[in-house]
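>>> got a predicted model here, sequence first, then my questions.
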Amino acid sequence: MILGYATGVFDLFHIGHLNLLKNAKAIFDKLIVGVTTDELMLKYKNKKTVIPFSERFEIVRNIKFVDAVIPQESMNKFEVWQKLKFDVMFVGDDWFHTEKWAEYEKQFAEVGVRIIYFPYTKGTSSTLINKILIEERDRIEISQHIYPERANV
């Protein structure tokens, strides 16, 4: 049995997230997904999530390609491996050839864990969706300020 592990924030879940999980499950017998907690997101990226952890966790837990979900409370993937003993880990290809993941590759190679880099789905990302929503919110707020009579339209 091949045990796969993937992580993500999954804030504003989109088709790219689904593609990653579906592709991972096609390779692994069991797929465990770590969902980043709100606290880790704030600490690691200094950003608040749009969707609370409990809801993001529930969304991922109910995806048919996912066998188990755990909270991702640390960015240290090797600590998680020491608990789960997964065989393969997958990450987005934007991490390929980064210093951080080059170090993980060495560390995981010593214990026989492969890292697979999956390409992101072109044209969508949580960052892009969030940017569009913020721009739309700002446009509506400006419009309501300029045309207050339209506020309830």
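The structure has been received and is ready for your questions. Residues are numbered from 1 along each chain as shown.

>>> only C-alpha atoms for contact and neighbour calcs from this point on.
OK.

>>> report the secondary structure state of Ile132.
Look at Ile132: counting by DSSP: H, G, I helix; E, B strand; the rest coil, its state is helix.

>>> give me the neighbour count for it.
12 (other CA atoms under 10 Å).

>>> contacts for stretch 59-79 next, please.
By CA atoms under 8 Å, 6 or more residues apart in numbering, the surrounding residues in contact with stretch 59-79 are 7, 10, 21-22, 25, 30-37, 39-40, 57, 104, 107-108.

>>> inside helices: which ones of these?
Leu21, Lys22, Lys25, Glu39, Leu40, Phe57, Tyr104, Gln107, Phe108 (DSSP state H).

>>> where exactly do the strands run in the chain?
For the chain, the strands defined by DSSP state E cover 3-8, 30-36, 68-72, 88-92, 114-118.

>>> dump the ones you listed to TSV, plus mean pLDDT.
Compiled in TSV, those are given as follows (pLDDT from 0 to 100):
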stretch	mean pLDDT
strand 3-8	95
strand 30-36	97
strand 68-72	98
strand 88-92	89
strand 114-118	91
